[in-house]
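In: here are the coordinates; sequence isn't available:
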């Protein structure tokens, strides 16, 4: 190890800025200039060259030769934690600030932070920042406000945004780190800065928070920790678990754990769940066993009951995989992959639900070799999953009927793995089905491709038709009660419906056959709608023109057959409005989901055929249609060549997207203003003052009971 400048100076600087450097030559100038250009000149910049193989070392030496405040230590590559520890061992400033060598800070960072630290007598000052390019979850970690915690380091750690996982947004008093021998764990390969916060905050006599966004965090560099570790979820979970194990062990060793077990488990559960939810089931079973052993080792099993609701669900998800592997499924997911670009995320969204008692039957129709291989790959890592392949000459209806016949769950969901289901979807649908006894439970899709509707008001009116105010809280309805909306309140798509398996055996459903879905709705004794948006239908990016035409042709024939059946049964007049609207919903929902121009052009002629021959659109006026825009599009599709229709639709989509972006920006600004107003209010500050002693009493009681 070698240092290029004399380490002795007459007086200690106010701030030591520690900059670990490894092969970041192209960013060093922006980083070091931002530090050396601080309005507070009384600083030292301690650069640790961690065995760089580019020109970083020479660039650092050049800076040191031109500015006496720069000190450079060259060492063999040993990792960022070791580099930071070397910096801490050689620092002489009253305060310590860490800046990564590819980031930069605002000119008044050190001056403002030192002023805050001295005014509040703070051991730690937490401040704001921003990412570039923007990464939402990191920006949320940088979103701080102005407040101080006196003798409440643990409370500041758990209650305030910005406390963890980052360490680049903090100024530390050097005595705090030296007296308590606080250093980075060099064995941790990811999240070492997260672990560092959990060791420092409990010792802090005061933690001050500053809302200024001083730090600029680069997220685009190839080879960064984010880029390196975020691709492999299982590896990342194991690395994060090492952080949890280290933190719990340190809290136990340093005497912080007693009285705070529930808070620490709340953090651990949420921290691990973010990635455990994306692991394969087989890997989760192994992880559940390791996690259970960890809880037992530190006598934390009982403390799992002390966490908040969200963390409780996360911990339940993590711990239950091993038991689920031995249980019978309550839901069978019959999954297909028609038109999917990639099925990995779609598979995870149904495989890793909070309701884990799931059987996954991956239906392979044999029409897409790429998807067939992808289905097999997904199924091989989940003991609950298997592939059901089409036999020679077997049509779709027979294939899906065979899947339902083989299903072990009491309920069946027909999922397209191009879609994404909310993690709560299956649990909520199953609970509602079990509570109401409904044959069908329906959910809504967030992007409105299915044009689903809110049935809550209708259910209230059905239970109180005279408006006397004696309405029951109805959750289900019979098909005959809402004939005008039966096919449109949730569409004739199968993918947003949970069916009772016994009902499907009597009324078979093939997902692409709207006639079969209509039959299942008409034959149901009761239907239970859930108003929540629990499904997001993704664009069909890989539906080739030939497959698009085949889907569209099947849709036309299915609607034609449905209409013939309704007419023969004398039900068409009663269900006509629902039927007509459903045709538009189905065809324009599909066309909205197609991203390739060639696929839309292949689909379009069949939509025209359906509008002219099945619907006979000219018979109806605008008032017949629930979605005015779909009616306008139908007229345009009938009157214009396909290319002209596509051009106008693309302009419409751009305008609609811009409107949505503006609405989201306005909503975000409003929420931020409300948060700032709350934290700045007198009532909030008075409330913290008034509750200081009770909060301290609760902490003492926890430790006594712990």
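Out: Structure's in. What do you need? None of the values given here were measured: they were computed from a predicted structure.
In: what's the strand ranked longest in the chain packed up against?
Out: For the chain, the longest strand by residue count, based on DSSP state E, is strand 206-218. Under the contact definition 3 or more CB pairs under 8 Å, 6 or more residues apart in numbering; DSSP states H and E, strand 206-218 sits against strand 104-105, helix 109-120, strand 124-132, strand 147-150, helix 153-159. In this view, the C-beta of every residue, glycine as well, is placed from N, C-alpha and C.
In: Domains in the protein, by residue range?
Out: 2-229, 233-324, 331-538, 545-639, 658-705 (automatic domain parsing).
In: would you turn the ones you listed into a markdown table with mean neighbour count and distance to residue 645?
Out: Shown next, in a markdown table, are the domains of the chain (neighbours: other CB atoms under 10 Å; distance: least, CB to CB, whole Å):
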| stretch | mean neighbour count | distance to residue 645 |
| --- | --- | --- |
| domain 2-229 | 19 | 36 |
| domain 233-324 | 18 | 39 |
| domain 331-538 | 19 | 18 |
| domain 545-639 | 18 | 5 |
| domain 658-705 | 11 | 21 |
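In: thinking again about what came up before, make a markdown table out of the helices and strands packed on strand 206-218 and add mean pLDDT and distance to residue 74.
Out: Putting the helices and strands packed on strand 206-218 into a markdown table (pLDDT from 0 to 100; distance: least, CB to CB, whole Å) gives the following:
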| stretch | mean pLDDT | distance to residue 74 |
| --- | --- | --- |
| strand 104-105 | 96 | 23 |
| helix 109-120 | 97 | 25 |
| strand 124-132 | 93 | 29 |
| strand 147-150 | 94 | 39 |
| helix 153-159 | 92 | 35 |
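In: if we compare the ones you listed, which one ends up closest to residue 617?
Out: strand 124-132 (50.2 Å; CB to CB).
In: Quick one: distance of stretch 604-616 to the chain centre.
Out: Relative to its parent chain, stretch 604-616 has a centroid offset of 39 Å by CA atoms, centre = their mean, to the nearest Å.
In: Helices of the stretch 451-600 of the chain, residue ranges please.
Out: 456-463, 501-506, 514-522, 545-568, 572-593, 597-609 (DSSP state H, counting those that start in this stretch).
In: Which other helices and strands does the fifth one contact?
Out: For helix 572-593, the elements it packs on are helix 545-568, helix 597-609, helix 628-639, judged by 3+ CB pairs under 8 Å, 6+ apart.
In: now what about the longest one, what contacts it?
Out: Contacts of helix 545-568 from elsewhere in the structure, counted by CB atoms under 8 Å, 6 or more residues apart in numbering, are 338-339, 367-368, 512-516, 518, 543, 572, 575, 579, 582-583, 586-587, 590, 594, 596, 598-603, 605-607, 609-610, 613-614.
In: Show me where the stretch 301-450 of the chain has its strands.
Out: Assigned by DSSP state E, counting those that start in this stretch, the stretch 301-450 of the chain shows strands spanning 331-336, 358-364, 385-389, 411-416, 420-421, 440-445.
In: Out of the ones you listed, the one nearest residue 166 is which?
Out: Nearest to residue 166, of those and by CB to CB, is strand 420-421 at 28.7 Å.
In: Put together JSON lines for the helices and strands packed on helix 572-593, with mean pLDDT and distance to residue 61 on each row.
Out: Formatted as JSON lines, those follow (pLDDT from 0 to 100; distance: least, CB to CB, whole Å):
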{"stretch": "helix 545-568", "mean pLDDT": "94", "distance to residue 61": "61"}
{"stretch": "helix 597-609", "mean pLDDT": "90", "distance to residue 61": "57"}
{"stretch": "helix 628-639", "mean pLDDT": "87", "distance to residue 61": "65"}
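In: Residue 19 bridge partners, please.
Out: residue 47 (DSSP bridges).
In: Show me the shaky parts of this structure.
Out: Confidence mapping of the chain against pLDDT under 70 gives the ranges 1-10, 220-231, 339, 456-457, 460-473, 648-661, 671-706.
In: Centroid-nearest residue for it?
Out: For the chain, residue 274 is the residue whose C-alpha lies nearest the centre (CA atoms, centre = their mean; 7.8 Å).
In: re the thing from before, which of the helices and strands packed on helix 572-593 sits closest to residue 360?
Out: Ranking the helices and strands packed on helix 572-593 by proximity to residue 360 (CB to CB) places helix 545-568 first, at 23.3 Å.
In: what separates that closest one from the chain centre, distance-wise?
Out: On CA atoms, centre = their mean, the centre of helix 545-568 falls 36 Å from the chain's centre.
In: same thing with stretch 265-276?
Out: Counting by CA atoms, centre = their mean, stretch 265-276 comes out at 13 Å from the chain centroid.
In: residues in contact with that stretch?
Out: So stretch 265-276 is contacted by 158, 164, 233, 236-237, 240-241, 243-244, 247-248, 284, 287, 291, 300, 303-304, 306-308, 310-312, 314-315, 317-318 (CB under 8 Å, 6+ apart).
In: Narrow the residues you listed to those in helices?
Out: Among the contacts of stretch 265-276, DSSP state H puts 158, 233, 236-237, 240-241, 243-244, 247-248, 284, 287, 291, 310-312, 314-315, 317-318 in helices.
In: circling back: please render the strands of the stretch 301-450 of the chain as a markdown table that adds distance to residue 201 to the earlier fields.
Out: Output for the strands of the stretch 301-450 of the chain, formatted as a markdown table (distance: least, CB to CB, whole Å):
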| stretch | distance to residue 201 |
| --- | --- |
| strand 331-336 | 43 |
| strand 358-364 | 40 |
| strand 385-389 | 43 |
| strand 411-416 | 44 |
| strand 420-421 | 36 |
| strand 440-445 | 42 |
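In: For residue 137, find the nearest of those strands.
Out: The nearest among the strands of the stretch 301-450 of the chain, by CB to CB, is strand 420-421 at 17.9 Å.
In: Ignoring the adjacent residues along the chain, who's closest to residue 625?
Out: The shortest distance from residue 625 to any non-neighbouring residue, by CB to CB, 6 or more residues apart in numbering, is to residue 631 (4.1 Å).
In: Kindly apply the preceding question to residue 76 instead.
Out: In space, residue 76 is closest to residue 51, 5.0 Å off (CB to CB, 6+ apart).
In: just to revisit the earlier point, point out the one among the helices and strands packed on helix 572-593 that comes closest to residue 212.
Out: Of these, the one closest to residue 212 (CB to CB) turns out to be helix 628-639, at 45.8 Å.
In: ok and the closest one relative to helix 572-593, angle-wise?
Out: 80 degrees (axes from the mean of the first three to the mean of the last three CA atoms, to 10 degrees).
In: Next, the angle helix 597-609 makes with helix 628-639.
Out: Using the same axes, to 10 degrees: helix 628-639 against helix 597-609 is 90 degrees.
In: Check which helices and strands helix 628-639 sits against.
Out: So helix 628-639, by 3+ CB pairs under 8 Å, 6+ apart, packs with helix 572-593, helix 597-609, helix 642-679.
In: and residue 326, how many residues sit next to it?
Out: 7 (other CB atoms under 10 Å).
In: What values do phi and psi take at it?
Out: phi -100, psi 0 (degrees, to the nearest 10).
In: circling back: of all the helices and strands packed on strand 206-218, which lies closest to residue 450?
Out: Among the helices and strands packed on strand 206-218, the nearest to residue 450 by CB to CB is strand 124-132 (35.1 Å).
In: list the helices and strands that closest one packs on?
Out: With contacts taken as 3+ CB pairs under 8 Å, 6+ apart, strand 124-132 sits against helix 109-120, helix 136-141, strand 170-173, strand 206-218.
In: List the neighbouring strands of it plus their orientation.
Out: Paired strands of strand 124-132, with direction, are strand 170-173 (antiparallel), strand 206-218 (parallel) (DSSP bridges).
In: TSV for the ones you listed, including distance to residue 535?
Out: Converted to TSV, the strands paired with strand 124-132 look like this (distance: least, CB to CB, whole Å):
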stretch	distance to residue 535
strand 170-173	41
strand 206-218	34
